[in-house]
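# Kindly generate the corresponding structure for this input.
(2 chains)
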Amino acid sequence: MKGKNRILVVAVAALISSTLATYWGLLASIASAQPYVETFPELRRDLRKQLEPKVKPGEEFPVPVKPLPKDISPCSACHGPKKDFPINFRRKEALLVHRNIELNHGGVRVWCLDCHHPEERNHLLPLSDGTLITFEHSYLLCGKCHGTKYRDWREGIHGKRTGEWNGKKEYYLCVNCHSPHSPRFKTLEPMPPPSKPWTPKDESAKH
Amino acid sequence: MSDRQFTDEESVPEQGHDDVDPKGPDRESGNTREPLPDRRTFLKSAAGVLGLFAVSSCTWQEFFQKNFKQMTKEEIEGTIERLRTQYKEKYGKEFVVGAEGPIDGTLYAYGLDIQRCIGCRRCVYACVEENNQSRDPQIQYIRVLRFKRGNMDLEESTIYYNPEEVPEQGYYYMPVQCQHCANPPCTKVCPVQATWTEPDGIVVVDYNWCIGCRYCMAACPYMGRWFNFAEPVIPKDRINTQTHYLGNRPRMRNVVEKCTFCIQRVRKGKYPACVEVCPVGARKFGNLLDPDSEINRIIKTKRVFRLKEELNTQPKFYYFFAI
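Sure, this is the predicted structure:
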C-alpha cells in the first residue's frame, strides 16, 4: 500500500510539474501582460480618432453657394396650402408644367415630394431634427439616402475640390456634378488622342 | 599595299603621319622641319577655337552655370534674371521664373480613382497648357490608357482610342504619368545628376544641366519622361508665364522633361492643373505627412494599388477604388 501511495504521489507531482512547465510561459505572460492590456484601448482610440470625420455633422461646410437659375420663380409662387395645386404624393406622369424636368432618379421609388417639402416649397425635406434644408445646402438631403457617398464627399474622397491643397478649398456640391432629377453623370466628348509616333513606313504621318 | 607607301616613308616616326597631305610644308622640306605646327596640333587648336564659336550662341553665364543644387542664392537669382530676359526675347512676355523651395513637412502624393475616370483627356490638355509642353513635336505628360473591362494587361491597352463619347461600355481608363517614385530608377542612372528627388518628394530635372543622354527614359518603367527631339513649339498666345525653374519654364532642344506635380502651383499651395480640371473629380492630391489630408484618408479607408509595385520603385501615385 505504502509503495503504491508513493508511486501515486510521485505521479501526481510529475503531472503537476510537467503541466506547470508546459504552461509556465503562458502563466508568466499573463502575469506580465499588463502593457498589452494598457496599450490596446489606446491604439483603438487612436484609430477611431483617425477615422472620425474632422467636421461634425450639422456643422457648416465651406461650400460655395450654388445660386438657383434666374429663370425660375420661387416655388411658393404657385405651390402652397392656399394655392391651386393640391399636394400630390403619388407619381403622376402627365404633368402640365415642369415638363422640362426628366425625372430619372431611383426609378419608381422616388417622386417629387420625396425631396421637395410638400408645404414649405422653397425648402427641401427637413433633417430628422426638423430643420429645413435650403436649396443651397441640398447635400444634406442627398446624404440622407447616400450616406456612404456623403461621408466620402465630406472627407474629400468623392467629388471634386479645387483651390489650395493645404488651405482654402472650394467643394463641388452633389448638384454641381449630378443633376438631382437625373443624377447619372453625362457622357462627354473626349479630347483628341495623341499623335502617333512617326515611322518610316507611315508616309502620311507628320514627324 | 602600294609601292608609294614604301617609297614615301623616310623615317619610322613619320609613319603616323601617313594621312598627311604630301604637299604640306613639312613634306616638301624633307627632314629639316619648319617651326610650323603639324596638322594634328593645328586641328586640335582649331577645333578648340571653333568650339568656342559654337558655344557663343549661349552666353558665358549659361555655359558656366552650375547644377541647380549647387548654386548659391545669388547665382540662382542671376540665372533667373538671365532666363527672364531670354524668354522675353523669345516670347515677348514678362515671365515669372520661381525657385521656391519645398514647404516644410510635406511629402506629396497623388490619388487617382480608376473607377471614376471616364477617359475624357481633359487632364492631358490642361497639363500641356499649364506646363508649356511642346505642341509640335507633341509632348504630353499624361497618357490615358484604355483597357477592356476585366483586363489589366498594359500590353493590350491603347492610348489612341477616339470614340464619339466617353465613357464607353465595357472599357475602363487609367491615366499614367510620372509616378514620383520614392525609389526612382531614373535619378539613379543619370550620369550628371541632372535629375533628383526634392525633399517634398517631387522628382525634378534641371534642364540646363541635362545632357540629353536619355538614360532616365530607358530606366523609367512608366514611360514618364519625354525628350525634346526638336526645338519645342509653343504658340506665343498660349504660353504660361507663371513658371518655376524646376518646373514649367520653357525648355530647349535635347533635354528631358517630365511631370513635376505642377511644382510651380503646389509649392504655392495650389492643386495641380490636372486635379483642377478633372470633370469627375477622380484626381486627388495632398500631403502624405498630414494625417487629415485627402490622400491619407484614401490610403487608410479605400482599396489602393500602385502601378508595377513589384519593381520596388515605391511610387507615390496611388490608384484607388472609391467603392
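
# excluding its backbone neighbours, what's nearest the closest residue to chain B within chain A?
At 3.1 Å from chain B, A:Lys160 is the closest residue in chain A, using C-beta to the nearest C-beta. To be clear about C-beta, it is placed using only N, CA and C from the backbone, and glycine gets the same treatment. Excluding the flanking residues, the one nearest A:Lys160 by C-beta to C-beta, 6 or more residues apart in numbering or on different chains is B:Gly281, at 3.1 Å.

# and the one you found, what does it touch?
Contacts for B:Gly281 were tallied using C-beta atoms under 8 Å, 6 or more residues apart in numbering or on different chains; they are A:His158, A:Gly159, A:Lys160, A:Arg161, A:Tyr172, A:Cys177, B:Asp113, B:Arg116.

# Mind doing that once more with 7 Å?
Applying C-beta atoms under 7 Å, 6 or more residues apart in numbering or on different chains to B:Gly281 gives the contacts A:Gly159, A:Lys160, A:Tyr172, B:Arg116.

# In helices, which of the residues you listed fall?
Using DSSP state H, the subset of those located in helices is empty.

# Lowest pLDDT pick from those residues?
Lowest pLDDT of the contacts of B:Gly281: A:Tyr172, 85.

# Please state the backbone phi and psi of the residue nearest to that residue when sequence neighbours are not counted?
Once flanking residues are discounted, A:Tyr172 sits nearest to A:Lys160: 4.3 Å by C-beta to C-beta, 6+ apart. Main-chain torsions, A:Lys160, degrees, to the nearest 10: phi -120, psi 140.

# Around A:Lys160, how many other residues sit close by?
For A:Lys160, the neighbour count with other C-beta atoms under 10 Å in any protein chain shown is 23.

# Equivalent analysis for A:Val12, please.
A:Val12: 10 neighbours (other C-beta under 10 Å).

# same thing with A:Ile7?
As a burial measure, A:Ile7 scores 10 neighbours (other C-beta under 10 Å).

# Which of the helices or strands spans it?
A:Ile7 is part of helix A:2-31 when elements are defined by DSSP states H and E.

# quick one: secondary structure of the residue nearest to the spatial centre of chain B?
In chain B, the centroid-proximal residue (C-alpha atoms, centre = their mean) is B:Glu257; its distance is 1.8 Å. Secondary structure for B:Glu257, judged by DSSP: H, G, I helix; E, B strand; the rest coil, is strand.

# which residues sit in contact with it?
B:Glu257 makes contact with B:Val205, B:Tyr207, B:Trp226, B:Asn228, B:Arg251, according to C-beta under 7 Å, 6+ apart.

# Check B:Gly224 too.
B:Gly224 is in contact with B:Gln177, B:Cys178, B:Gln179, B:Lys258, B:Cys259, counting by C-beta under 7 Å, 6+ apart.

# coming back round to it: same question for the helix holding A:Ile7, mean pLDDT?
71.

# How about stretch B:160-169?
Across stretch B:160-169, pLDDT averages out at 94.

# So what touches that stretch?
Identification of contacts with stretch B:160-169 by C-beta under 7 Å, 6+ apart yields A:Thr187, A:Leu188, A:Glu189, A:Pro190, A:Pro193, A:Lys196, B:Ile118, B:Gly119, B:Cys120, B:Arg146.

# May I see the buried residues of it?
Neighbour-count burial for stretch B:160-169, counted by 16 or more other C-beta atoms under 10 Å in any protein chain shown, picks out B:Tyr161, B:Val166, B:Pro167, B:Glu168.

# what does stretch B:90-110 give?
By 16+ other C-beta under 10 Å, the buried positions in stretch B:90-110 come out as B:Tyr91, B:Phe95, B:Val97, B:Gly98, B:Ala99, B:Pro102, B:Thr106, B:Leu107, B:Tyr108, B:Ala109, B:Tyr110.

# Sort out for me which of those residues are in strands.
B:Val97, B:Gly98, B:Tyr108, B:Ala109, B:Tyr110 (DSSP state E).

# quick check, nearest of the residues you listed to A:Val110?
B:Tyr110 (36.4 Å; C-beta to C-beta).

# The closest one touches B:Asn287, doesn't it?
No - B:Tyr110 is not in contact with B:Asn287 according to C-beta atoms under 7 Å; the separation is 11.2 Å.

# in the stretch 151-300 of chain B, what residue is nearest chain A?
B:Gly281 (3.1 Å).

# circling back to that earlier point, out of the ones in strands among the buried residues of stretch B:90-110, which is nearest to chain A?
Using C-beta to the nearest C-beta, those come closest to chain A at B:Tyr108, 8.4 Å.
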